[in-house]
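**Student:** this one's structure only:
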Ligand code: PGA
């Protein structure tokens, strides 16, 4: 049976100076037990600097990429460039990127293809805003994102894709979704995947939760069926918090 990979990803967003990056990773490694694998998604400017930390336990993700391989796209970075630097994952569809760029939704499909072609694994983010949650049908919103962004992904593609469910109202707010809300969304995503790709490939997809994950709530999230990991923002910048989250997902 295909086993989904456990993933704990620290998304540094636009934080930490390059000159401070190695110190933060060393502090995380100092307080983390050796048999836990984790992913750090630093800003692009830090990737080369953190190359020497890549090991079986620690790998790098990028926070995004352009859909083209190369060309006249000032200020952009391609999936191939990231792969060439030793990056293993790329985060696509993060709500902060979707909100900052009105065209992002339309570009996610080609970004996913580009990343997979370059040999990167994709951490695809989805999740509803607060008004949708209050109206009572968040699944309708999330499934529309999945239907559009996975439209032309086939079984062999999804073997390299993880899905992070990140309710927008829980990101950076301290308000994490309840275990019941997480379980409801994760089981719907798993069933949707099973219907589209079959049960075995669906079980192989890692499902992550994101939104105000910290040491104190990581245990409950880790014990939620269907949850294979977390995408962590703020708490990934605090070594003791990140270590506590990693411990909760240790296996
Ligand atoms: P947060 O961010 O942990 O600070 O809520 C999560 C994310 O945006 O991935």
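**Tutor:** It's in. Note that the coordinates shown come from a computational prediction; the quantities given were computed from them, not determined experimentally.

**Student:** give me the beta-bridge partners of the residue in the stretch 1-150 of the chain that the ligand sits nearest to?
**Tutor:** Residue of the stretch 1-150 of the chain nearest the ligand, by CB to the nearest ligand atom: residue 11 (4.6 Å). Bear in mind the C-beta positions are built from the backbone N, C-alpha and C, glycine included. Taking DSSP bridges as the rule, residue 11 bridges to residue 41.

**Student:** Contacts only, for it.
**Tutor:** With contact set as CB atoms under 8 Å, 6 or more residues apart in numbering, residue 11 has these partners: 41, 61, 63, 91, 94, 210, 231-233, 236.

**Student:** try residue 161
**Tutor:** Neighbouring residues of residue 161 by CB under 8 Å, 6+ apart: 112, 116, 121-122, 124, 153, 205.

**Student:** Let me know the pLDDT of it.
**Tutor:** pLDDT for residue 161: 98.

**Student:** now residue 4
**Tutor:** The model's pLDDT for residue 4 equals 82.

**Student:** With adjacent residues omitted, what lies nearest to the residue in the stretch 101-250 of the chain that the ligand sits nearest to?
**Tutor:** Scanning the stretch 101-250 of the chain for the residue nearest the ligand gives residue 233, at 2.3 Å (criterion: CB to the nearest ligand atom). Of all residues not flanking residue 233 in the chain, residue 11 sits nearest, at 5.2 Å (CB to CB, 6 or more residues apart in numbering).

**Student:** ok, longest helix in the protein?
**Tutor:** Longest helix in the chain by number of residues (criterion: DSSP state H): helix 179-197.

**Student:** now it, how far from the centre of its chain.
**Tutor:** Centroid displacement of helix 179-197 relative to its chain, using CA atoms, centre = their mean, to the nearest Å, is 16 Å.

**Student:** Just the element for residue 208, please.
**Tutor:** Assigned by DSSP states H and E, residue 208 falls within strand 207-210.

**Student:** Let's verify the residue of the chain most remote from its centre: helix, strand, or coil?
**Tutor:** Ranked by distance from the centre of the chain (CA atoms, centre = their mean), the top residue is residue 72, with 28.2 Å. Following DSSP: H, G, I helix; E, B strand; the rest coil, we place residue 72 in the coil state.

**Student:** hmm, the helix or strand where residue 245 lies touching the ligand?
**Tutor:** In this structure, residue 245 sits in helix 239-248 according to DSSP H and E. No - Helix 239-248 lies apart from the ligand when judged by CB under 6 Å from any ligand atom; the minimum separation is 9.7 Å.

**Student:** Show me what that helix is in contact with.
**Tutor:** When contacts are defined by CB under 8 Å, 6+ apart, helix 239-248 is touched by residues 8, 10, 24, 27-28, 30-33, 36, 38, 213-216, 218-219, 221-222, 230, 232, 235-236.
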